[in-house]
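Asker: Provided below are the primary sequence and the corresponding predicted coordinates.
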Amino acid sequence: RHTNVAVIGGGVAGLAAARVLSNDRLNRFLVQVYEAKRERYGGRVWTKRNLSANSKEIEADLGAMFLNSKIKDNPLIELIKKFEIEKDSIGPLEFYTSSNSKIHQGHDLTEAMRKAKELMLSAIEKAKRKGKDISVREAVNQEIFERGLEENSLTSVLIKALPSYNINDYSALLYAPDQLDFGYDTIVKFGLAELVDRIVGGFEAEAPLDINLRHVVRQIKVDDKRKQILVRFRDGRQISVDAVIVAVPMTVLQNDSLLFEPPLPKEFYKTLHELKLTLSERIVVEFDEMFWPQDKGMFVMTPEKSSDAGFLTTWINLNKVNNKAYLAGSIGHQAVDKFYSMTDETIADIALNRLKKLFGDDVVRQHNVTNLLRSDWLKSLYIGGSSAYPSVGNTGELWDVFDLPVCPGIYFAGEYTTLDGLGTLHGAYNSGVKAAEALMSGYCEQKAREEQELKEKNLKASEKSNKTVDSKKDEL
Ligand SMILES: Cc1cc2nc3c(=O)[nH]c(=O)nc-3n(C[C@H](O)[C@H](O)[C@H](O)COP(=O)(O)OP(=O)(O)OC[C@H]3O[C@@H](n4cnc5c(N)ncnc54)[C@H](O)[C@@H]3O)c2cc1C
């Protein structure tokens, strides 16, 4: 008999899990993916394919965009090679310092980046030696101070533009520089959805995954007698399966949009309560014509005033992705509140002002914005944020709860379930593979067998001791 598996959530984690189970050489699993969204799977990978009625087949990623090439064995980079998907390196960075209107690039910038990384690593090392958790910002500021580095030096200015520095309570002790700040340089031509589609479609003779859109799961109920799991949907329907892989974003579990009967062990709720999420958003702006250097991948500027920090100070050249006149602007964690309260017109005005600083007033003035698109991951149904991060006071053990299933067959996957690759695409993918492998290893069946054997052993022992008591009574 096949093992029926429901994968809940069609993001990278859920799809990776479904792909591994579906490819099982012994063909032991029947897998269905249930995805809440009506129109697409992919979760936080969202390549918008039509920006406007008259711009057809134009690709822009409003969610994840980069793959990290600096970590060892990124499985998604391996997949891109396997599927022969066209990829590119985002290419060189240009860094504009507003204080002196200077553009930094080339060797000087690369050298300052190297120094920035070295300084951050040394700051973290010192924090680790002291053993008391502080924020990345505090650790780095202390190091900058101890080294007597000028506040306006390129190295310290660069560090202050990094995401980890700008999240107030990013844990220094759990900081892994390559996971967040460095190494994200690989892009997929025509958008990341291509990779997700290929995972779903399968490689060569692999069977396509069965994905059921518009299936919002509300409850997972364990039927202990039958060792089955009931999956209940929002519309009242329910199915019974042998195992589930829960691959929804952590917000869904934190706000009880998905409930468990009986509730999960206490440690799960403790971990879920402690984990935090970054917020970052993106706009994509289409222009009538390209006016920025084609060979550059990213343009970063320091804010003119501190209240501008993180607000459209980073721009990505999407021409590298879709060969069109598109720029993508980023809104960092520290600036999202402002972003949510603004109209599209205000955002377009601010965007143009920033671009005028980067590329010159006269140049930008000659061009028109033909389209503007913005993400809203905070309000996006069934998502609710960008990605998990380790905050001050978190310990590595928090994530241990996700390593083992809740028997008889509830497994967890998702970017937030692993400290190694926390908040990233490769982390999400690896977590899905890990959950599927745990299921394939038959952990819960083994545990059930052991429990049964123990029960039988205890029963026999008590029968034996009852018999001895009876025979002693007879003797007396
Ligand atoms: C703006 C932005 C930029 C990013 N940039 C990068 C980047 O460049 N590189 C990188 O590595 N990472 C990046 N990330 C992070 C990366 O996107 C995520 O870590 C990863 O996509 C998470 O995958 P997941 O499968 O864990 O979750 P998700 O992709 O969120 O998938 C979960 C799925 O579950 C579904 N779901 C929710 N509730 C239910 C329910 N009740 N029933 C059924 N289905 C449900 C959701 O609709 C969703 O499809 C970025 C994220 C954002 C938002």
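Answerer: Here it is on my side, so go on.

Asker: Report the separation between the closest residue to residue 301 other than its chain neighbours and residue 355.
Answerer: With sequence-adjacent residues excluded and distances taken as CB to CB, 6 or more residues apart in numbering, residue 301 is closest to residue 96, at 4.1 Å. From N, CA and C alone the C-beta is placed, and that goes for glycine too. Between residue 96 and residue 355 the distance, using CB to CB, to the nearest Å, works out to 11 Å.

Asker: what packs against the strand or helix carrying the residue nearest to residue 301?
Answerer: Applying DSSP states H and E as the criterion places residue 96 in strand 93-97. With contacts defined as 3 or more CB pairs under 8 Å, 6 or more residues apart in numbering; DSSP states H and E, the packing partners of strand 93-97 are strand 102-104, helix 106-130, helix 154-160, strand 298-301, helix 344-359.

Asker: which residues are contacting the longest one?
Answerer: Helix 106-130 has contacts (CB atoms under 8 Å, 6 or more residues apart in numbering) with 92-95, 104, 133-134, 136, 139-140, 142-144, 147, 149, 154-155, 158-159, 162, 172-173, 175, 177, 181-182.

Asker: And that helix, how far out from the chain middle?
Answerer: Shown here is helix 106-130, whose average C-alpha point lies 25 Å from the average C-alpha point of the whole chain (CA atoms, centre = their mean, to the nearest Å).

Asker: Need the mean per-residue confidence for that helix.
Answerer: Along helix 106-130, the predicted confidence averages to a pLDDT of 93.

Asker: do the same with the third one
Answerer: Along helix 154-160, the predicted confidence averages to a pLDDT of 92.

Asker: quick revisit: list only buried entries from the contacts of helix 106-130.
Answerer: In terms of neighbour count (16 or more other CB atoms under 10 Å), the buried residues within the contacts of helix 106-130 are 93-95, 104, 133-134, 136, 139-140, 143-144, 154-155, 158-159, 162, 172-173, 175, 177, 181-182.

Asker: Can I get the worst-scoring helix or strand of the chain on mean pLDDT as PDB, trimmed to CA atoms?
Answerer: Among the helices and strands of the chain, helix 177-180 carries the lowest confidence by mean pLDDT, DSSP states H and E, at a mean of 79. Taking C-alpha atoms only, helix 177-180 is exported to PDB below (Å, rounded to 0.1, in the frame of the first residue of the first chain):
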ATOM      1  CA  PRO A 177      27.700  36.800   7.200                       C
ATOM      2  CA  ASP A 178      27.400  34.700   4.000                       C
ATOM      3  CA  GLN A 179      23.800  33.900   4.800                       C
ATOM      4  CA  LEU A 180      22.500  37.400   4.700                       C
END
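
Asker: which residues sit against it?
Answerer: Here helix 177-180 has contacts from 68, 70-71, 117, 120-121, 124, 162-164, 389, 421-424, 427, using CB under 8 Å, 6+ apart.

Asker: That one: what's the following helix or strand?
Answerer: On the C-terminal side of helix 177-180, the closest following helix or strand by DSSP H and E is strand 184-188.

Asker: Now do that following strand: distance to the chain's middle.
Answerer: Distance of strand 184-188 from the chain centroid (CA atoms, centre = their mean) equals 15 Å.

Asker: and that strand, what's its mean pLDDT?
Answerer: For strand 184-188, the mean confidence score works out to 90.

Asker: do stretch 460-476 as well
Answerer: Over the span of stretch 460-476, the pLDDT mean works out to 80.
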